[in-house]
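>>> A structural model of the following input is requested.
(chains A, B, C and D)
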Protein chains: 2
Amino acid sequence: MSANLKSKKQITLADIAKKLNISKVAVSKALRNQSDISAETKKKVVNLAKELGYTPNIIARNLSAKNTHTIGLVIPKINHHFFAEAIESIYKIASQHNYEIIMTVSQESTAEEIKHIRSLMAMRVDGLLISVTENTKETSIFQEMKNRGVPLIFFDRIIEGLGFHCIVSDDEYGSYEIVKYAIEKGYTKIGHIGGYKNTNIGKLRCSGYTKAMEEANLEINPDFIVCGGFSVSDGYYGFMKLYNNKSLPEIIFTVTYPVALGVFKAAKELGISIPNDIDVISFGDASYNQFLNPSITGVHQPAAEIGKIALELLIDQIEGRLLIEEKKIVMPVKINFCQTCVKKEN
Amino acid sequence: MSANLKSKKQITLADIAKKLNISKVAVSKALRNQSDISAETKKKVVNLAKELGYTPNIIARNLSAKNTHTIGLVIPKINHHFFAEAIESIYKIASQHNYEIIMTVSQESTAEEIKHIRSLMAMRVDGLLISVTENTKETSIFQEMKNRGVPLIFFDRIIEGLGFHCIVSDDEYGSYEIVKYAIEKGYTKIGHIGGYKNTNIGKLRCSGYTKAMEEANLEINPDFIVCGGFSVSDGYYGFMKLYNNKSLPEIIFTVTYPVALGVFKAAKELGISIPNDIDVISFGDASYNQFLNPSITGVHQPAAEIGKIALELLIDQIEGRLLIEEKKIVMPVKINFCQTCVKKEN
DNA sequence: CCTTTTTACTTTATCGGTTAAGCAAAATGT
DNA sequence: ACATTTTGCTTAACCGATAAAGTAAAAAGG
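Below you'll find the predicted structure:
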């Protein structure tokens, strides 16, 4: 019963060939406008193909072709401004270069990540663009890809030393700069809700913070540092954890923008006012930040640029125009001055 | 020179077969753990496959299989809270059902939309999930898909009457309710920055507004209505257009949340205060709305639910469990009361 | 001990396209 | 008028996996 609901058989070259009483190769050539088919035959083929609603089966074409004009994208999360903007940019560039993107979302799970990478390799994508999960430590799958020569570029959340190109924001310097700015504004008790130390962004954003503190000879109170993930909920629980300590810092530097939003949420629940009772600065921002109360002073990341460059680099590599070994591109960042971290009344 | 950079030839069943001196069919069966292969052979095959890093070529498998376990998704935009949330949900459900999503973004361009649909059909996706662009009027491509029996579900931005299932928010009722709420709060001069009338959401959200106004015997000033797209920039220019008229409404009901943000942006630039000088309510909201100043009172759409139901419905249809003809599912909405449209001082 | 069944494979054909090689008829050259 | 080239196709082979059918050898049955 359900059989007649299934989609009807698709039209193939052979169907067209039979109707016109020519070989399917002739049809294939006619549709690709090859020179050894007469104008008359071409016209007949093209017309019939349109009439029957013929759509070439890319699967079949890709089977014999060496490339699929398809790129795999593996990201940890979508609903996060940085990724949303990067993805949007990647899709735009892909469309311009006539590549199809197959995006997968690991949901910050390493098991899902591996599953998706395997699936994309099985689909024979021409290359991969990956931003790893907050937990990824195991590199064997990437090692395997290196051995097989699968083109791969890491962006934002990267793994160095495996021989793949990487593109990141200037995490350490950006963090250093914004914490230094807070210090210049008179803050001394500065906390950090940071990321896991096994990730490049967790490690570098924390070390930028540390450097700025050390340079100013400020004490780094271990009670003022919490490490975890990169989401709103991590910011929420991170702040709750800080709140349960004896004393709170005057300002908190968060590892990502969503973490800062989590702090906002927790503070709101606790009846704590930002920036009066406690202040917040973050790495990363969002287009809607300007409408927040208060809007968060943070490090602006060129998300669209990072996506664009990552993909262009990958396409260069796929098409054999990239010869260099491992290259790390560090994109400059700048501080977006808003309503937090404005002035500390003495 | 670039040749040696190209990815190495992938391992195939035949490679494994040759090394073990058995047929490739035996290898195929061994890997799929079929009963007519000895335990000993299976072990040898599995071990060698792992050693060589064999990844089955899904393209080849799909060529003979009737289905690809792949679903095409066509949306107009990513960086828009409603879609970001819906997509996230669609990816989650797809992963649970072992389907791969191939998402494409039309960027509100009908030409891109058609190109992507053609591309997805060529990839022989098992079905499609589509939210059309703000300009889509031409339905011939959908007609073609109907004729070919390709399973398709429309969500949010739909086209009715073509025989495909549709899932939407209760656009008209939600709009009616929120405008009625504004009227109860004492507003009488209510404007609308709406969508194009050729889209269901543009039409219905406007008619909900109209109904509430007529029911309250309030005059609908044509100068208070602007129609356009659904993005931040449309809200921005829409407000600028209203501003250039002789008089402004007291409150504006926007067709989407991004449009409301556009109004915020324009008002900020013009030095107009929201909600004191002019107030705003919107259809749609965002998770970060709670942090805005003022947070916008709006109609909450169950984006994740809509994505989930759309995909589950599609999978049911693909797997032949859905027999009914055209069905329209209207999801109930509710108002999210925030800091706009609070009280009109008399 | 000879027939039947089972085991463990192999061979063949197919999915829908593409490339490479082959080949008859028409057009061109001398 | 006959050799040569060009035109416009066809046939064969392949991409990598899989389903279906075939088969030799080993095990079981009577």
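
>>> before we move on, which element is the residue nearest to A:I16 when sequence neighbours are not counted in?
Nearest residue to A:I16, sequence neighbours excluded (Cβ to Cβ, 6 or more residues apart in numbering or on different chains): A:V27, at 4.9 Å. For every residue, glycine as well, the C-beta is placed using N, CA and C. Applying DSSP states H and E as the criterion places A:V27 in helix A:24-31.

>>> Does that helix reach DNA strand D?
Yes: against DNA strand D, helix A:24-31 shows contacts by Cβ under 7 Å from any atom of the strand at A:24-26, A:29.

>>> can you pick the most crowded of those residues?
A:A26 (20 neighbours; other Cβ atoms under 10 Å in any protein chain shown).

>>> okay but that one is in contact with A:A17, surely?
Yes: using Cβ atoms under 8 Å, A:A26 makes contact with A:A17 at a distance of 7.0 Å.

>>> With adjacent residues omitted, what lies nearest to the closest residue to chain B within the stretch 201-346 of chain A?
The stretch 201-346 of chain A approaches chain B most closely through A:N293 (2.6 Å), counting by Cβ to the nearest Cβ. Leaving aside its chain neighbours, A:N293 sits nearest to B:N293 (2.6 Å; criterion: Cβ to Cβ, 6+ apart).

>>> need the contact list for that neighbour.
Residues near B:N293 by Cβ atoms under 8 Å, 6 or more residues apart in numbering or on different chains: A:291-294, B:339.

>>> Now A:S169. Its backbone dihedrals?
phi -80, psi 160 (degrees, to the nearest 10).

>>> try A:C166
Phi and psi for A:C166, reported as degrees, to the nearest 10, are phi -130, psi 150.

>>> wait, it sits on A:L314?
No: between A:C166 and A:L314 there is no contact, the gap being 11.8 Å when judged by Cβ under 8 Å.

>>> closest point of the stretch 51-200 of chain A to DNA strand D, which residue?
In the stretch 51-200 of chain A, the residue that lies nearest DNA strand D is A:S64 (3.3 Å; Cβ to the nearest atom of the strand).

>>> Could you check how far that residue is from A:S28?
12 Å (Cβ to Cβ, to the nearest Å).

>>> tell me the domain boundaries of chain A?
A:3-56, A:70-169+A:303-331, A:171-301 (automatic domain parsing).

>>> Distance from the chain centre to the second one, please.
Computed by Cα atoms, centre = their mean, to the nearest Å, the separation of domain A:70-169+A:303-331 from the middle of its chain amounts to 8 Å.

>>> and that domain, does that touch DNA strand C?
No: if you take Cβ under 7 Å from any atom of the strand as the test, domain A:70-169+A:303-331 misses DNA strand C, and the best it gets is 13.0 Å.

>>> Report the mean confidence score over that domain.
Per-region confidence: domain A:70-169+A:303-331 scores 95 on mean pLDDT.

>>> now the end-to-end length of it.
In domain A:70-169+A:303-331, first residue to last residue: 26 Å (Cα to Cα, to the nearest Å).

>>> Could I get the full set of helices for chain A?
Along chain A, the segments classed as helices by DSSP state H run A:13-20, A:24-31, A:39-52, A:58-64, A:81-96, A:110-122, A:140-148, A:171-184, A:200-215, A:232-243, A:257-270, A:303-318.

>>> Show me what the third one packs onto, helices and strands only.
I take that to be helix A:39-52. helix A:13-20, helix A:24-31 (3 or more Cβ pairs under 8 Å, 6 or more residues apart in numbering or on different chains; DSSP states H and E).

>>> And those: which comes nearest B:G161?
B:G161 sits nearest to helix A:13-20 of all these, at 30.3 Å, using Cβ to Cβ.

>>> Tell me which other helices or strands the closest one touches.
helix A:24-31, helix A:39-52.

>>> and among those, the most buried is which?
Highest mean neighbour count of these: helix A:24-31, a mean of 19 (counted as mean count of other Cβ atoms under 10 Å in any protein chain shown).

>>> roughly how far apart are the residue nearest to A:I251 when sequence neighbours are not counted and B:I324?
With sequence-adjacent residues excluded and distances taken as Cβ to Cβ, 6+ apart, A:I251 is closest to A:D279, at 4.0 Å. The spacing between A:D279 and B:I324, counted by Cβ to Cβ, is 57 Å.

>>> More neighbours: the two, which one.
Legend: neighbour count by other Cβ under 10 Å for A:D279 and B:I324, higher for A:D279 (25 against 7).

>>> quick one, what contacts the more buried one?
Residues in contact with A:D279 (Cβ under 8 Å, 6+ apart) are A:182, A:187, A:250-252, A:340-341.

>>> which residues does the residue lying closest to A:G298 once chain neighbours are set aside contact?
Nearest residue to A:G298 in three dimensions, chain neighbours excluded: A:S282, at 4.1 Å (Cβ to Cβ, 6+ apart). Contact analysis of A:S282 by Cβ under 8 Å, 6+ apart lists A:253-257, A:259-260, A:296-299.

>>> How about A:G229?
Contacts of A:G229 by Cβ under 8 Å, 6+ apart are A:108, A:134, A:195-196.

>>> just A:E108 next, same as before
Contact analysis of A:E108 by Cβ under 8 Å, 6+ apart lists A:76-77, A:133-135, A:229, A:231.

>>> any idea how far B:A84 is from it?
From A:E108 to B:A84 the distance is 16 Å (Cβ to Cβ).

>>> How about A:I178?
As judged by Cβ to Cβ, A:I178 and B:A84 stand 26 Å apart.

>>> where in the stretch 151-300 of chain A is pLDDT low?
By pLDDT under 70, the stretch 151-300 of chain A has no low-scoring segment.

>>> hang on, the earlier thing: could you export the helices and strands packed on helix A:13-20 to CSV, including columns for distance to A:N217?
Listed next are those as CSV, based on distance: least, Cβ to Cβ, whole Å:
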stretch, distance to A:N217
helix A:24-31, 74
helix A:39-52, 76
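
>>> Out of these, the one nearest DNA strand C is which?
Of all the helices and strands packed on helix A:13-20, helix A:24-31 comes closest under Cβ to the nearest atom of the strand, at 3.4 Å.

>>> From the contact counts, what lies against the closest one?
By 3+ Cβ pairs under 8 Å, 6+ apart, helix A:24-31 packs against helix A:13-20, helix A:39-52.

>>> Adding distance to B:G72 and mean pLDDT, write those out as TSV.
Formatted as TSV, those follow (distance: least, Cβ to Cβ, whole Å; pLDDT from 0 to 100):
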stretch	distance to B:G72	mean pLDDT
helix A:13-20	23	95
helix A:39-52	21	95
